[in-house]
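S.K.: When you get a sec, could you give me coordinates for this:
(chains A, B and C)
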Amino acid sequence: MPSASDTNMRFKFSILALLLEVITIVLFGIFVEYKIGSDSDALYPHFQDVHVMIFVGFGFLMTFLKKYGFSSVGINMLIAAFGLQWGTLMQGFWHMHGGKIQTDVRSMINADFSTATALISFGAVLGKTTPIQMLILTILEITIFACNEHLVAEVLQATDVGASMTIHAFGAYFGLAVTLVLYRPGLKNKHENDESTYHSDMFAMIGTLFLWLFWPSFNSAIASRGDMITAIINTYYSLAASTIVTFALSSLVDKRGKFSMVLIQNATLAGGVAVGTCADLRIYPFGAMCIGILAGIVSVLGFRFLSPLLESKLNIQDTCGVHNLHGLPGILGGIAGIIVTAVTDQTMHGVQLTPGKQAAALGSTLGIALVGGALTGAILKLPFLGQVSDQNCFDDSVFWEVPEEEKGHEIHSSNRDENSRFEAAM
Amino acid sequence: MPSASDTNMRFKFSILALLLEVITIVLFGIFVEYKIGSDSDALYPHFQDVHVMIFVGFGFLMTFLKKYGFSSVGINMLIAAFGLQWGTLMQGFWHMHGGKIQTDVRSMINADFSTATALISFGAVLGKTTPIQMLILTILEITIFACNEHLVAEVLQATDVGASMTIHAFGAYFGLAVTLVLYRPGLKNKHENDESTYHSDMFAMIGTLFLWLFWPSFNSAIASRGDMITAIINTYYSLAASTIVTFALSSLVDKRGKFSMVLIQNATLAGGVAVGTCADLRIYPFGAMCIGILAGIVSVLGFRFLSPLLESKLNIQDTCGVHNLHGLPGILGGIAGIIVTAVTDQTMHGVQLTPGKQAAALGSTLGIALVGGALTGAILKLPFLGQVSDQNCFDDSVFWEVPEEEKGHEIHSSNRDENSRFEAAM
Amino acid sequence: MPSASDTNMRFKFSILALLLEVITIVLFGIFVEYKIGSDSDALYPHFQDVHVMIFVGFGFLMTFLKKYGFSSVGINMLIAAFGLQWGTLMQGFWHMHGGKIQTDVRSMINADFSTATALISFGAVLGKTTPIQMLILTILEITIFACNEHLVAEVLQATDVGASMTIHAFGAYFGLAVTLVLYRPGLKNKHENDESTYHSDMFAMIGTLFLWLFWPSFNSAIASRGDMITAIINTYYSLAASTIVTFALSSLVDKRGKFSMVLIQNATLAGGVAVGTCADLRIYPFGAMCIGILAGIVSVLGFRFLSPLLESKLNIQDTCGVHNLHGLPGILGGIAGIIVTAVTDQTMHGVQLTPGKQAAALGSTLGIALVGGALTGAILKLPFLGQVSDQNCFDDSVFWEVPEEEKGHEIHSSNRDENSRFEAAM
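M.R.: Predicted structure coming up:
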């Protein structure tokens, strides 16, 4: 059993965070300048939509756990705020002009995008890691992401405008590899805090809706001007279709025909993920809706049947089910890209898109994500970083001052052992 | 008393939803294409504001009921996601080009608009219908709405830029007719779940505020470019005025002078509804604020005095009080349009606006809404569709898996009969 | 001890609010018209972001108190809805054209801005004032703010694009002067309701995030077209840096190394305040991040060490800690403006910026805020306005109908005296 110091992060966390921030600022001082004369004005509304998705969307989507809301929305904010700085540098190093990284609204969108990978992986390990571990994961994942993105976009010249592969599949499989390496046998029996309450599910719907609503902006933000509206329209209808299918299947797979909040919160979004790769191609609303329907089916079945198997057979403990929201629909998006470039003639910036390039992009993304995630998991396991004990998983009070009243209330109703457990851990 | 199967929707709902989605996709495949060269870029921020109103605004506004939050925000999402697809088709069939429906951001705004009618009607029957009934209502109401909108805009050539008549009054009186036909004598005494809690009222304020904030976008989204800013300014000041009046009257009509959450959540929005018809006309902020004040007065008095009468004397059980937020202010908006076109010289797209056309638009809207709603109510009453029992009204657990902890908590505090009731219904 | 009538506001509040609204409308009828041919289209997305900050951001940020959520979000709405009308007039009187006040989206942004001062001051006195007092404060503060803003921008010709001085420092020191004059010795021992619950802290995070996300729009909204993107980029990175520092220091200053919600909710925003004055100057992301770091440090240390001192030694009871979020970072922003104009050559609209002008702007702002706040506090103390008793502080039920269930629940858990206290106050 871990000793008290494992989760007392007073100096370790503070010093690491300050050190990283100082390094980041120094690098900004050396490398970062403004970009002159860009299309920033027109892109700013898109940026703000993406920005809301990253901080409110991802943050609140993960607040479904009954005692992990502070961490979900708070650590999400920490990861994203650090990640957007780190992402600016890592993506910028691949696109320097005269030895300088140029920032504008487009680079801010890309910086926000890069944080999404770490936030998706955060969903896989939610409740089982420390803020220290998450800072390290953020650095490593965004660095590797920037390399893979360069490989996909510049070397392989594949299209992935809405980042089904480079963000969603990448973030999901990276996170799954991390959580596999950090496997906790002690959580084989469901942890008492690994569940929602009525109000925590309501908070999570705030996240779901803002993700759902602004997904057309996500998938179109880096499209070329002429294709932006195409990406918006396709994403709008793909999401609508996946939502109807999710409601239908959610009822169908339940023995009493009831809707499940976990499915409504997550699988409704699968259409946005899966249509990403070919969002700006002329697949028409019809094509987008077909992709959305498949995504909804895959996601619901993943949550209902595959995730329990992955957990029991492969020791993959995926707290938020990111495999079903980002992993499978991300792969679906990659496959859709292969099919669309195979059966139609599509170009991007004058370059012919081919199913071969698309398949290579999907393969490299999955491979790099899994290897990168496994290495990251191994690093996060280093003993001096500290771990949360199994008992303390899914519990804000390990890292946050939690209001007394609430704790009193909880004790009152059921968890009499909360207080003593809490003391022991400190 | 209804038997268990009435609310077990496993196969009925799933098959209906999947069937409707397949039909919709087939129609999209045949008819829907992209529109080239439109003003989509400039309209996209307006679209996103409207989009947030539909899903977050309407969805959370209805979460005030203590045990019906999942359904409010969830079924709202279901209705809107299906409705926007159906609305694209129904509105598109009136405006085909070469046998095709052309989609762009403007058509997406209109599709979102069309769902608002069904969501307003949902407010009238909230807590008393099944998801199956709501899908059918959505199809019927949007179909009828598209016909009436065509009549008002194209045949009568009346103005209604913010849709006071065609959306708000239409949705409200349609919903009131439905709820009248579905009258439940068993709910004459207030149902124990037909009330709010402290936190459910807080969630509802999220809905109120996003509706309030983005209403200027709603009222200006389909205005011509030159009048858009006029519509924004008028709506901004109308809402501000109706908000102050609502606070003042909310205190005045309470015997202890206290504010009522139901009024603050709803009547503050009446200024946005009522200014809709003439939002893009040159009524100046002064005119807009006068309309806002009247709307606030009408709405508060409606909630306080008229709704109880409608319920006790006319058997109209209007859960959210849509008559006071959308019905009366919608009529007020229609009347304002008649007066403004009577006393000033106004044109739209070069066509002279006349009080006669405006009055005909208001009359036809109310008539079609009431008849359409009554017919829809009769269809929803068909026994094989299933009904919620009176006892199970306003209760998520009939259609949703609800977290155990919460149910335990509720039982613990007061509702010991919850569990047994729940079992009986299944 | 105040008698029952002190908080029964039925006629006093209603008549005051209606009277103010009527006066406002008459003034609008005389003075306000549309502005033709402005840059409203381009500014509208910025306006909407600022609008969300004012109503959702400020409103929900203050919902952290366990029994004061209705008032926080509701009275915030009242103040803002009245304030934006009053601000239109007060700012407009300084910029009349042919005896008329011209409204467009830019004037709406400025009207929203003016309400922010009253909302910041509301944070200082939160839980201790009546709606009547807040209406009077709003009138007085916005009137004085408009004068000071004119002095700073037109007379002194200082720059303050993001209003670090004219809004944040002004609102904070105005509010601190008010709360000093309204000092309540009876609250020296922490009031039992002056604390948060788990869910009230979650609601507050909604406010934090929407403020954080849209702050780049706030700081750039009134920048000249060419400098807008600069202001956006600087604010984005300043906020990110202050967020990391806030997390680091929040852990560091806690003896068990835990994060504090009050710090994460507030100090993460300090970077947005402090970078305001020179947001549109070419300080580069590096400069912005340095300001953000300092702001985070100042804000955390202010909450942790200075606020308790101000309360115990200087009788300044600052409920939300606005001194640490708006006051100190606002001064820091003013100082940054002095330094930047001293060490670099900066012009605004062709006018040379000088450290002397900047220092005069900071000094005049602080002086006018403190004197204006003290006078306002003295007026609010007038006995016939009514006061909340110490016992009834931080309690919605004095001004709002609060759902019975919740009160029942609260009584059940701990506050058995709630009901009797409530009766006594009426």
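
S.K.: can you give me the helices for the stretch 1-150 of chain A?
M.R.: Using DSSP state H, counting those that start in this stretch, the helices of the stretch 1-150 of chain A run over A:10-31, A:40-52, A:58-61, A:69-93, A:105-125, A:131-150.

S.K.: Can you lay out those helices as JSON lines showing distance to residue B:336, mean pLDDT and mean neighbour count?
M.R.: For the C-beta atoms, the positions are set from N, CA and C on the backbone; glycine is no exception. Formatted as JSON lines, the helices of the stretch 1-150 of chain A follow (distance: least, C-beta to C-beta, whole Å; pLDDT from 0 to 100; neighbours: other C-beta atoms under 10 Å in any protein chain shown):
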{"stretch": "helix A:10-31", "distance to residue B:336": "55", "mean pLDDT": "95", "mean neighbour count": "18"}
{"stretch": "helix A:40-52", "distance to residue B:336": "32", "mean pLDDT": "94", "mean neighbour count": "23"}
{"stretch": "helix A:58-61", "distance to residue B:336": "39", "mean pLDDT": "98", "mean neighbour count": "28"}
{"stretch": "helix A:69-93", "distance to residue B:336": "43", "mean pLDDT": "97", "mean neighbour count": "25"}
{"stretch": "helix A:105-125", "distance to residue B:336": "41", "mean pLDDT": "97", "mean neighbour count": "26"}
{"stretch": "helix A:131-150", "distance to residue B:336": "54", "mean pLDDT": "97", "mean neighbour count": "23"}
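
S.K.: Would you convert those into JSON lines that also reports distance to chain C?
M.R.: Conversion of the helices of the stretch 1-150 of chain A to JSON lines gives the following (distance: least, C-beta to the nearest C-beta, whole Å):
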{"stretch": "helix A:10-31", "distance to chain C": "3"}
{"stretch": "helix A:40-52", "distance to chain C": "4"}
{"stretch": "helix A:58-61", "distance to chain C": "7"}
{"stretch": "helix A:69-93", "distance to chain C": "4"}
{"stretch": "helix A:105-125", "distance to chain C": "6"}
{"stretch": "helix A:131-150", "distance to chain C": "7"}
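
S.K.: Do I have it right that residue A:302 meets residue A:323?
M.R.: Yes - at 6.2 Å, residue A:302 counts as touching residue A:323 under the criterion of C-beta atoms under 8 Å.

S.K.: Between the two, tell me which one has more neighbours.
M.R.: Legend: neighbour count by other C-beta atoms under 10 Å in any protein chain shown for residue A:302 and residue A:323, higher for residue A:323 (27 against 23).

S.K.: hang on, that one in a helix?
M.R.: Yes - counting by DSSP: H, G, I helix; E, B strand; the rest coil, one finds residue A:323 located in a helix.

S.K.: I figured it hits residue A:176, correct?
M.R.: Yes - the pair residue A:323 and residue A:176 passes the contact test of C-beta under 8 Å, sitting 6.0 Å apart.

S.K.: Mind listing the shared neighbours of the two?
M.R.: Here residue A:323 and residue A:176 share the contacting residues A:124, A:310, A:316, scored by C-beta atoms under 8 Å, 6 or more residues apart in numbering or on different chains.

S.K.: Which member of those is positioned nearest residue C:392?
M.R.: The closest of those to residue C:392 turns out to be residue A:124 (C-beta to C-beta; 47.9 Å).

S.K.: quick one, what contacts that closest one?
M.R.: Contacts of residue A:124 (C-beta under 8 Å, 6+ apart): A:172, A:175, A:176, A:178, A:179, A:318, A:319, A:320, A:322, A:323.

S.K.: Return the member of those residues nearest to chain C.
M.R.: Distance to chain C, by C-beta to the nearest C-beta, is smallest for residue A:320 among the contacts of residue A:124, at 17.5 Å.

S.K.: Around the closest one, how many other residues sit close by?
M.R.: Neighbour count of residue A:320, defined by other C-beta under 10 Å: 26.

S.K.: and if you look at residue A:156?
M.R.: Neighbours of residue A:156 under the rule other C-beta under 10 Å: 21.

S.K.: can you tell me which residues contact residue A:285?
M.R.: Residue A:285 sits next to A:233, A:234, A:237, B:28, B:32, B:103 when contact means C-beta under 8 Å, 6+ apart.

S.K.: Repeat the analysis, applying 10 Å as the threshold.
M.R.: Counting by C-beta atoms under 10 Å, 6 or more residues apart in numbering or on different chains, residue A:285 touches A:233-234, A:236-238, A:240-241, A:292, B:25, B:28-29, B:31-34, B:85, B:88, B:101, B:103.

S.K.: One more: residue A:48?
M.R.: By C-beta under 10 Å, 6+ apart, residue A:48 lies in contact with A:105, A:109, A:214, A:217, B:45, B:48, C:45-46, C:48-49, C:52, C:213-214, C:216-217, C:232.

S.K.: Now do the end-to-end distance for stretch A:90-110.
M.R.: 11 Å (C-alpha to C-alpha, to the nearest Å).

S.K.: again with stretch A:120-134
M.R.: With C-alpha to C-alpha applied, stretch A:120-134 spans 12 Å between its terminal residues.

S.K.: and residue A:81, how far is that from residue A:119?
M.R.: Here residue A:81 is placed at a distance of 11 Å from residue A:119 (C-beta to C-beta, to the nearest Å).

S.K.: oh sorry, the question was meant for residue A:245
M.R.: 25 Å.

S.K.: ok, now residue A:191?
M.R.: Residue A:191 is 22 Å from residue A:119, by C-beta to C-beta.

S.K.: Report the spatially closest residue to the residue nearest to the spatial centre of chain A, excluding sequence-adjacent ones.
M.R.: Among the residues of chain A, the one closest to the centroid is residue A:120, at 1.8 Å (C-alpha atoms, centre = their mean). Spatially, and ignoring its direct neighbours in sequence, residue A:120 is nearest to residue A:171 (3.0 Å; C-beta to C-beta, 6 or more residues apart in numbering or on different chains).

S.K.: I figured the one you found hits residue A:369, correct?
M.R.: Yes - counting by C-beta atoms under 10 Å, residue A:171 does reach residue A:369; the two are 7.7 Å apart.

S.K.: Alongside chain B, which residues does the stretch 1-150 of chain A contribute?
M.R.: Within the stretch 1-150 of chain A, the positions near chain B by C-beta under 10 Å from any C-beta of the partner chain are A:42, A:44, A:45, A:46, A:48, A:49, A:52, A:64, A:66.
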